[in-house]
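A.B. asks: Build me a model from this:
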Amino acid sequence: MTDMHEADINADDVSLATLRRLDGSLLLVMRELLRTGNATMAAHRLRLSQSAVSHALTRLRILFDDPLFLRHPHGLTPTRRARELAPRVDQLLALTGELLGAPGAFDPASAQRVFAISAPEFVAVTIGAKLIRQIAELAPGCAVRIEHLDDASAFTQLTHGDLDAAIGRFDAGAVSGAFTRTLLYRDEYCLAARRGHPALTGGVTAASYQDLLHLFASAESEVSRRDQRVEGARLRLALVPRWLTALTVAAATDGVATCSRRLAESQAELLRLTVHELPFPTNPIDVALVFRRDMRDAGAEWLLSQIKAAAARDQLSGRVAGA
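C.D. replies: Predicted structure coming up:
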């Protein structure tokens with residue numbers, strides 16, 4: 001076992017030594033000699049001296065243990081070995097260009113990919129369907145995976161490339177310089193209740209709001225810390241994790257939900273809800289898109305454009321009048 005292990009190490013050492021001897025500049029010289037058959041012309045195209053090209057050819061001959069090019073009165077003729085290597089040299093240089101160069105083009109019509117997004121439930125409900133429809137229409141070979149992560153986990157997965165984009169209530173001060181934050185839209189709080197709610201026939205005043213049976217959400221992705229404190233003081237019926245749960249309960253009880261207006265409007269017809277203005281000012285609900293600042297992924301950049309388009313269309317939705 002020891003001898004075999006040592007043999008493996010020696011084989012690896014030989015490979016590493018060979019790789020160290022084969023640098024990109026040698027491959028560029030070989031490709032130009034194959035294309036031109038002329039050392040002077042190759043030197044001119046590569047902006048090298050003729051002696052540098054001659055030195056590179058000597059190294060290539062030693063590396064491949066073959067003359068590679070034979071001198072003739074009209075230039076250089078590649079050997080059989082050089083002709084065999086030619087397509088591989090082109091492939092290696094192309095792969096190197098893809099690895100180190102700009103991101104490749106993304107063709108949504110032919111792409112095969114699963115996009116990964118983190119978004120709170122109220123965002124997934126309001127713009128998720130639009131986004132999925134857009135991707136299904138424009139990129140039929142692609143799919144979307146939407147999950148909800150806390151801020152720290154979202155930043156970690158973005159850093160590692162496990163996530164293409166994150167959407168949520170990201171405060172500008174909490175987003176480090178490694179990421180770009182773009183405001184998608186600004187939402188607002190409203191009051192949602194079942195149709196025919198007996199306490200809302202005359203509208204909502206500051207005094208009557210205090211007497212209602214309130215349903216509030218507790219998840220920080222839904223409610224900021226400062227709003228959690230305010231809503232906790234008004235709690236009279238139930239505290240649930242997310243706004244969609246609060247709306248579902250409100251539709252079947254005399255409870256009322258203070259929540260995102262866009263979410264309430266998107267569910268008003270389905271759950272038979274009415275949406276009302278609040279009788280006091282509230283903090284805005286800023287929904288932001290976050291992604292890596294150094295992202296070099298044409299597919300992910302296309303996804304960002306689709307997210308922005310879905311959010312922009314959502315802004316055109318009309319408001320549902322209170323009963």
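
A.B. asks: Please count neighbours and contacts with C-alpha atoms only from this point.
C.D. replies: Noted.

A.B. asks: Tell me what residue 145 is bridged to.
C.D. replies: residue 116 (DSSP bridges).

A.B. asks: pretty sure it contacts residue 117?
C.D. replies: Yes: counting by C-alpha atoms under 8 Å, residue 145 does reach residue 117; the two are 6.2 Å apart.

A.B. asks: Looking at those two, which is more packed in?
C.D. replies: residue 117 (22 against 11; other C-alpha atoms under 10 Å).

A.B. asks: wait, what's in contact with that one?
C.D. replies: Counting by C-alpha atoms under 8 Å, 6 or more residues apart in numbering, residue 117 makes contact with 144-147, 163-167.

A.B. asks: again, 6 Å this time
C.D. replies: 146, 163-166 (C-alpha atoms under 6 Å, 6 or more residues apart in numbering).

A.B. asks: what's the spacing between the spatially most central residue of the chain and residue 47?
C.D. replies: What sits nearest the mean C-alpha location of the chain, by C-alpha atoms, centre = their mean, is residue 164, with 1.9 Å. From residue 164 over to residue 47 the distance is 40 Å, taken as C-alpha to C-alpha, to the nearest Å.

A.B. asks: Equivalent analysis for residue 172, please.
C.D. replies: Relative to residue 47, residue 172 is positioned 48 Å away (criterion: C-alpha to C-alpha).

A.B. asks: For stretch 244-255, list every residue counted as buried.
C.D. replies: Of all the residues in stretch 244-255, those buried under the rule 16 or more other C-alpha atoms under 10 Å are 244-251, 254-255.

A.B. asks: and the two most separated of those residues?
C.D. replies: 244 and 254 (16.1 Å; C-alpha to C-alpha).

A.B. asks: Residue 287 belongs to a strand, doesn't it?
C.D. replies: Yes: counting by DSSP: H, G, I helix; E, B strand; the rest coil, residue 287 is found in a strand.

A.B. asks: wouldn't it be in contact with residue 169 here?
C.D. replies: Yes: using C-alpha atoms under 6 Å, residue 287 is in contact with residue 169, at 5.1 Å.

A.B. asks: Pop the domain breakdown of this protein in here.
C.D. replies: Using automatic domain parsing, the domain parsing of the chain gives 2-100, 113-186+286-314, 189-283.

A.B. asks: Go through these and find the least confident stretch.
C.D. replies: If you rank those by mean pLDDT, domain 2-100 sits at the bottom with a mean of 77.

A.B. asks: and the helix or strand in which residue 114 is found, which residues are buried?
C.D. replies: If you go by DSSP states H and E, residue 114 is part of strand 113-118. Neighbour counts over strand 113-118 (16+ other C-alpha under 10 Å) mark 115-118 as buried.

A.B. asks: residues contacting the closest residue to residue 149 other than its chain neighbours?
C.D. replies: Leaving aside its chain neighbours, residue 149 sits nearest to residue 118 (6.0 Å; criterion: C-alpha to C-alpha, 6 or more residues apart in numbering). Residue 118 makes contact with 146-149, 166 under the criterion C-alpha under 6 Å, 6+ apart.

A.B. asks: Let's see if you can find the most crowded of those.
C.D. replies: Neighbour max across the contacts of residue 118 (other C-alpha under 10 Å) = residue 166, 28 neighbours.

A.B. asks: My reading is that that one lies in a helix. Confirm?
C.D. replies: No: applying three-state DSSP, one finds residue 166 to be strand, outside a helix.

A.B. asks: Wait, it touches residue 287, no?
C.D. replies: No: counting by C-alpha under 6 Å, residue 166 does not reach residue 287; the two are 10.4 Å apart.

A.B. asks: Give me the residues contacting the helix or strand in which residue 246 is found.
C.D. replies: Per DSSP H and E: residue 246 is located in helix 243-252. Helix 243-252 has contacts (C-alpha under 6 Å, 6+ apart) with 193-194, 215, 217, 256-257, 271.
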